[in-house]
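K.L.:
One predicted model, sequence on top.
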Amino acid sequence: MLPALTLAVAVTGCVESTTSGGAQGGELSLIAPDSLTTCTHLPYEPFQFPGEGGKIVGFDVELVDLVARDLGVQQKIVDAPFDEGIQSGESLNSGQCDVAAAAMTITDSRKQNLDFSDPYFDAEQALMIKKGAGVTDLSQLRGKKLGVQVGTTGKDYAEAHKAEFGYEVVDFDDLALQQTAVKTGAVDAAINDNGVLYNFAKNNPDTEVTKEFVTGDKYGIGVRKGNTALLTKVNESLAKAKQSGEYDRIYEKWFGKKPE
């Protein structure tokens, strides 16, 4: 597990007291003055990861920057455990952060722990192997090792098909460890969201993505359950970014193409 990091992303100003959402959420308040505190889990490139000089950058980071800008504050990023902290809702409930933005798929089980924004990104699951290993489907992994990241929908998918295809599921706490295991041969393949695996394979030509699994995953930004005032603001900022073209610009910057 990576050590906790707290870094600021430059957007300045102060938050206005607001009753946006009215009876649906009351007055909007943040856990720290003049900051929108975001819990994420690092690294998950290209959504959130340490860039040049250690500054946290990525697609999710820039989207939440827009929310912070619209609130008149700066974004502060906190690295938190994904399984025990973010998707469980504990990081939000304990006051560690205002929002959770971690390339997090909206699922029914997670909805029990936190409230989600409108979807902002479409994803599928994908299979990554060492270049030339010849594995193009889960059915070819019988008796072999499939690496997964703890707490992800990729792990859920792998577990759901384990009995059918007879592979061993190997857990990793974060994406970087999982990806490294493919490179070193510690596992025969890895399953995770397509965006992060394609990005890794592009930068590591000794690996390749050989299969996508249609799962219809959609990412959402999380807030504490019942915090509809903040949720309304997040949704307003996302809608505004899509209407203005800012969303398309950020998407193309990180994925090399405009959203379909």
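P.N.:
Thanks, I have it.
K.L.:
for the residue nearest to residue 195 when sequence neighbours are not counted, phi and psi?
P.N.:
Nearest non-adjacent residue to residue 195, counting by C-beta to C-beta, 6 or more residues apart in numbering: residue 123, 5.9 Å away. C-beta here means a position set from N, CA and C on the backbone, and glycine is covered the same way. Backbone torsions of residue 123, given as degrees, to the nearest 10, read phi -140, psi 160.
K.L.:
give me every residue that touches residue 123.
P.N.:
Counting by C-beta atoms under 8 Å, 6 or more residues apart in numbering, residue 123 touches 103, 105, 193, 194, 195, 215, 217, 218, 219.
K.L.:
same question, residue 196
P.N.:
Counted by C-beta under 8 Å, 6+ apart, residue 196 has contacts 44, 45, 46, 47, 103, 175.
K.L.:
pLDDT wise, what is residue 1 at?
P.N.:
According to the prediction, residue 1 has pLDDT 34.
K.L.:
Tell me how far the nearest residue to residue 100 once chain neighbours are set aside lies from residue 82.
P.N.:
Leaving aside its chain neighbours, residue 100 sits nearest to residue 222 (3.8 Å; criterion: C-beta to C-beta, 6+ apart). Residue 222 sits 11 Å away from residue 82, going by C-beta to C-beta, to the nearest Å.
K.L.:
These two - which one has more neighbours?
P.N.:
Higher neighbour count among residue 222 and residue 82: residue 222, with 30 against 27, using other C-beta atoms under 10 Å.
K.L.:
what pLDDT does the more buried one get?
P.N.:
On the pLDDT scale, residue 222 gets 98.
K.L.:
before we move on, what about residue 135?
P.N.:
98.
K.L.:
thinking it is in contact with residue 142, fair?
P.N.:
No - using C-beta atoms under 8 Å, residue 135 is not in contact with residue 142, being 10.8 Å away.
K.L.:
Just want to know which of those two has more residues nearby.
P.N.:
Using other C-beta under 10 Å, the more surrounded residue of residue 135 and residue 142 is residue 135, with 19 against 11.
K.L.:
Using the three-state scheme, assign that one.
P.N.:
Under DSSP: H, G, I helix; E, B strand; the rest coil, residue 135 falls in the coil class.
K.L.:
Give me the longest helix you can find in this protein.
P.N.:
helix 228-244 (DSSP state H).
K.L.:
The helix or strand that it is followed by versus helix 228-244: what angle between them?
P.N.:
Remark: after helix 228-244, the chain's next helix or strand is helix 246-255, criterion DSSP states H and E. Here the directions of helix 246-255 and helix 228-244 differ by 80 degrees (axes from the mean of the first three to the mean of the last three C-alpha atoms, to 10 degrees).
K.L.:
which of the residues in helix 246-255 are buried?
P.N.:
246, 247, 250, 251, 254 (16 or more other C-beta atoms under 10 Å).
K.L.:
What helices and strands are in contact with that helix?
P.N.:
helix 59-71, helix 228-244 (3 or more C-beta pairs under 8 Å, 6 or more residues apart in numbering; DSSP states H and E).
K.L.:
for stretch 163-180, which positions count as buried?
P.N.:
165, 167, 170, 172, 173, 174, 175, 176, 177, 178, 179, 180.
K.L.:
how much space between the first one and residue 158?
P.N.:
Applying C-beta to C-beta, the value for residue 165 to residue 158 is 9 Å.
K.L.:
Find residues that contact each of these two.
P.N.:
Counting by C-beta under 8 Å, 6+ apart, the residues touching both residue 165 and residue 158 are residue 138.
K.L.:
Now do residue 204 against residue 176, distance only.
P.N.:
From residue 204 to residue 176 the distance is 12 Å (C-beta to C-beta).
K.L.:
Need the residues touching each of the two.
P.N.:
Common neighbours of residue 204 and residue 176 (C-beta under 8 Å, 6+ apart) do not exist.
K.L.:
residue ranges with poor pLDDT in this structure?
P.N.:
Within the chain, the ranges that satisfy pLDDT under 70 run 1-25.
K.L.:
those strands in it, which residues are they?
P.N.:
Taking DSSP state E to define them, one finds strands in the chain at 6-9, 35-40, 49-50, 56-57, 74-79, 99-100, 115-116, 121-130, 145-149, 168-172, 189-193, 207-219, 222-223.
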